[in-house]
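**Q** The amino acid sequence is not available; the structure is as follows:
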């Protein structure tokens, strides 16, 4: 039954992707540009301004952090993906055993649903401008109107159906929408700068005068808005690097790059990082800084009104489509996670159910309004299993340890992987709870990755030696 479903939908959830089904670089460039030049950029960009970041810190931090993210996709994730050509979830099942990977898949799928929900939230703010229903503010946690709930339901239904049709449909939608969205986001930045120059009366006739405007009016530094964490150069760098930690360091994009012809196709992530996580974040932060300049009491972070003020109806359409193209692959990934738990149920049905969960999450604005902290937490939770996959694939053969140990020993629960995951999270959370600046949620994941790798090696040596004795 499972094999028939794989053949029907072409997703190869429990077997390697055949070479005949692999895709060229173009498919991944479009997908990453579409996914990461998205509606959530209109949430994250403004939150940098709310965090009191300075011009140098945001520009320098985004350049370095996005470079590190691209390198992580290229050298950590993609090489394993094109060699094994398995989904993360099936590969983990071979390493961890069915019972442990079921727990992981539930956690993974839920976190992806929350993330996709924040993207649905973004798209719904555009409908709020059109239909004039009340929308949530920066510190709102619950839905605040029937119109808001209905808008989220409508957007979520469309996104779920597209994601359920599989990777081919997700890739096609992204490739169609990405070029137009990129131009609109660029327009946001140019229009925002022009409006800033008009309202401030500044003379901008050189790079020096433009830089002065950025330092004094847009990214001014200083104290963050109430309830926000103060961001420095290192906050921006680590956030840009690790906001997609679950995908590259955490290895979730094994499920995407298993379709790549070559491992260097991981460079496609640069289209998302530098178009979306650089240009689009900066453009969105310009719009929000302008909003605060015009009315310091208006701290609402609502992508719909921000885009409409800058580009009218085209801006609203961009917000809807951008949220759509980002949520599509996210729901697709979550669907794969849940489908791995119930392999006899078709991926289409599972993904529709996943989309409903994401839509329900999108009704609650708390996730979107706390997006900087949420993506750091969600990446941290999934990161240790990425370290387990990397170590099992590359390091174990060099140490004489058995790869895919659960499959080899027919185990349903690999204690080495479980201890590496849970102990790493416990230590990272414990460090964060000390309240020391160097242990903020944005910084603990990097040492955590090395800790998870070391724990997995040490416990595997003990358990494998004991099993063979």
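**A** On my side now, so go ahead. From a predicted model like this one, the values you see are computed outputs, not experimental measurements.

**Q** Please compute how far stretch 388-401 lies from its chain's middle.
**A** 27 Å (CA atoms, centre = their mean, to the nearest Å).

**Q** Now do the buried residues in it.
**A** The neighbour-count check on stretch 388-401 (16 or more other CB atoms under 10 Å) flags 388-393, 396, 401 as buried. Where you see a C-beta, it was placed from the backbone N, CA and C, and this is true even at glycine.

**Q** which among these gets closest to residue 313?
**A** Nearest to residue 313 among those is residue 389, at 45.0 Å by CB to CB.

**Q** quick one: low-confidence ranges for the chain?
**A** Applying pLDDT under 70 to the chain flags the ranges 1-11, 166-175, 177-178, 466-469.

**Q** just to revisit the earlier point, reformat the buried residues of stretch 388-401 as TSV; add secondary structure and distance to residue 18.
**A** Output for the buried residues of stretch 388-401, formatted as TSV (DSSP: H, G, I helix; E, B strand; the rest coil; distance: CB to CB, whole Å):
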residue	secondary structure	distance to residue 18
388	helix	27
389	helix	22
390	helix	25
391	helix	27
392	helix	24
393	helix	20
396	helix	26
401	coil	29
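
**Q** how about CSV for those residues, with distance to residue 146 added?
**A** Converted to CSV, the buried residues of stretch 388-401 look like this (distance: CB to CB, whole Å):
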residue, distance to residue 146
388, 45
389, 44
390, 47
391, 50
392, 50
393, 50
396, 55
401, 57
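
**Q** Which of those residues sits closest to residue 83?
**A** When the buried residues of stretch 388-401 are compared against residue 83 (criterion: CB to CB), the nearest one is residue 393, at 7.8 Å.

**Q** so how far is residue 15 from the closest one?
**A** 18 Å (CB to CB, to the nearest Å).

**Q** Out of the buried residues of stretch 388-401, flag the one nearest to residue 126.
**A** residue 389 (37.7 Å).

**Q** Touching, that closest one and residue 90? I think so.
**A** No. Counting by CB atoms under 8 Å, residue 389 does not reach residue 90; the two are 11.4 Å apart.

**Q** Residue 127 contacts residue 153, doesn't it?
**A** No. Contact criterion CB under 8 Å: residue 127 and residue 153 do not qualify, at 10.6 Å.

**Q** Name the residue in those two with the higher neighbour count.
**A** residue 127 (22 against 16; other CB atoms under 10 Å).

**Q** so who does residue 413 touch?
**A** 96-97, 99-100, 406 (CB atoms under 8 Å, 6 or more residues apart in numbering).

**Q** for residue 451, same thing?
**A** Applying CB under 8 Å, 6+ apart, the residues near residue 451 are 423-424, 427-428.

**Q** what's the spacing between residue 247 and residue 46?
**A** Counting by CB to CB - residue 247 and residue 46 are separated by 23 Å.

**Q** now do residue 437
**A** From residue 437 to residue 46 the distance is 24 Å (CB to CB).

**Q** phi, psi of the most centrally placed residue in the chain?
**A** By CA atoms, centre = their mean, the mean C-alpha position of the chain lies nearest to residue 244, the distance being 4.4 Å. Dihedral angles of residue 244 (phi, psi; degrees, to the nearest 10) stand at phi -110, psi 30.

**Q** tell me the contacts of it?
**A** Contacts of residue 244 by CB under 8 Å, 6+ apart are 36, 69, 375, 379.

**Q** from those, which single one is nearest residue 140?
**A** Using CB to CB, the contacts of residue 244 come closest to residue 140 at residue 375, 19.1 Å.

**Q** What number of residues are in the vicinity of that closest one?
**A** Neighbour number of residue 375 under other CB under 10 Å is 25.

**Q** now do residue 316
**A** 22.

**Q** Follow the chain on from whatever helix or strand it lives in and name the next helix or strand.
**A** Applying DSSP states H and E as the criterion places residue 316 in helix 303-341. Per DSSP H and E, the first helix or strand lying C-terminal to helix 303-341 is helix 347-362.

**Q** elements contacting that following helix?
**A** For helix 347-362, the elements it packs on are helix 2-9, helix 98-131, helix 146-164, helix 303-341, judged by 3 or more CB pairs under 8 Å, 6 or more residues apart in numbering; DSSP states H and E.

**Q** Only the buried residues of that helix, if you could.
**A** Neighbour-count burial for helix 347-362 [16+ other CB under 10 Å]: 347-348, 350-362.

**Q** And for stretch 44-61?
**A** Quick answer for stretch 44-61 (16+ other CB under 10 Å): 44-55, 57-59, 61.
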